[in-house]
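[1] What follows is a protein structure lacking sequence information:
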């Protein structure tokens with residue numbers, strides 16, 4: 001992977017804040033903007049590129065998520081009996097996601113760790129939350145985050161009150177705290193760094209989800 005002199009400086013910056021766990025989703029957004037050019041024509045990073053393109057264009061009329069939603073709608077959400085998946089709906093697997101980041105970090109000389117992968121995944125999912133998909137003014141659907149204390153997920157839906165939701169990306173094995181007394185705020189939240197931990201916070205300053213890497217609790 002060939003970087004120019006300025007890109008090398010930027011990657012060095014991101015490497016420092018990533019390995020020090022001193023970043024939030026806006027740093028990940030900047031990192032994806034930098035690497036987008038570098039991975040555009042490299043199919044071994046197609047999952048990362050999907051989200052790099054998404055953060056550049058939050059209203060999408062192409063890409064893997066768009067195609068998955070189109071196929072699900074065309075097939076009327078028919079279930080493949082053997083796999084228990086929606087016919088034609090091809091999301092992103094956890095293993096392929098992790099493997100791409102391992103390869104990318106290796107190329108960029110950034111130290112990979114499970115904690116870093118957990119935190120980058122939460123940031124990417126937060127950035128993708130609320131993105132919409134349409135073609136020629138026709139709405140196809142939108143993407144939103146689903147969470148529990150062990151899982152981060154991105155789901156797609158056509159957006160109606162009775163619309164089905166399908167898991168586009170499911171990432172398991174995290175350890176987190178979530179406020180059981182707080183209604184999940186669908187779209188209006190962001191990642192923040194508090195006492196060393198990465199949290200999700202609403203625009204009103206309410207922390208409702210925390211990756212457990214420190215001793216603090218909600």
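    That came in fine, so what should we check first? From a predicted model like this one, the values you see are computed outputs, not experimental measurements.

[2] drop to CA atoms for contacts and neighbour counts, all remaining ones
    Fine.

[3] what helices or strands is the helix or strand hosting residue 48 leaning on?
    In this assignment (DSSP states H and E), residue 48 forms part of helix 46-56. Helix 46-56 is packed against helix 25-39, helix 94-108, helix 114-128, with contacts defined by 3 or more C-alpha pairs under 8 Å, 6 or more residues apart in numbering; DSSP states H and E.

[4] Tell me which residues are up against the first one.
    Under the criterion C-alpha atoms under 8 Å, 6 or more residues apart in numbering, residues 1-3, 7, 10-11, 14, 45, 49, 52-53, 55-56, 120, 123-124, 126-127, 190-192 lie in contact with helix 25-39.

[5] 6 Å - rerun?
    The contact list for helix 25-39, computed with C-alpha atoms under 6 Å, 6 or more residues apart in numbering, reads 52, 123, 191.

[6] Next: the second one.
    Counting by C-alpha under 6 Å, 6+ apart, the neighbours of helix 94-108 from elsewhere in the structure are 45, 171.

[7] Distance from it to the middle of the chain?
    Helix 94-108 has its C-alpha centroid displaced from the chain centroid by 14 Å (C-alpha atoms, centre = their mean, to the nearest Å).

[8] picking up where we left off before, what is the rounded mean pLDDT of the helix holding residue 48?
    Taken as a whole, helix 46-56 has an average pLDDT of 90.

[9] Would you mind listing the buried residues in it?
    Neighbour counts using 16 or more other C-alpha atoms under 10 Å place 46, 47, 48, 49, 50, 51, 52, 53, 54, 55 of helix 46-56 among the buried residues.

[10] tell me the most buried of the helices and strands packed on helix 46-56?
    Burial of the helices and strands packed on helix 46-56 is given as mean neighbour count (mean count of other C-alpha atoms under 10 Å); helix 114-128 ranks first at a mean of 21.

[11] Now the element after that helix, going C-ward?
    Toward the C-terminus, helix 114-128 is succeeded by strand 132-135 as the next helix or strand (DSSP H and E).

[12] per-residue confidence at residue 185?
    The model's pLDDT for residue 185 equals 61.

[13] which sections of this protein are below the confidence cut-off?
    Along the chain, the parts satisfying pLDDT under 70 run over 83, 184-187, 214-218.

[14] Specify the angle between the longest strand anywhere in the chain and helix 114-128 in degrees.
    In the chain, with assignment by DSSP state E, the single longest strand is strand 138-147. Interaxial angle of strand 138-147 relative to helix 114-128 (axes from the mean of the first three to the mean of the last three C-alpha atoms, to 10 degrees): 150 degrees.

[15] Fine by me, thanks again.
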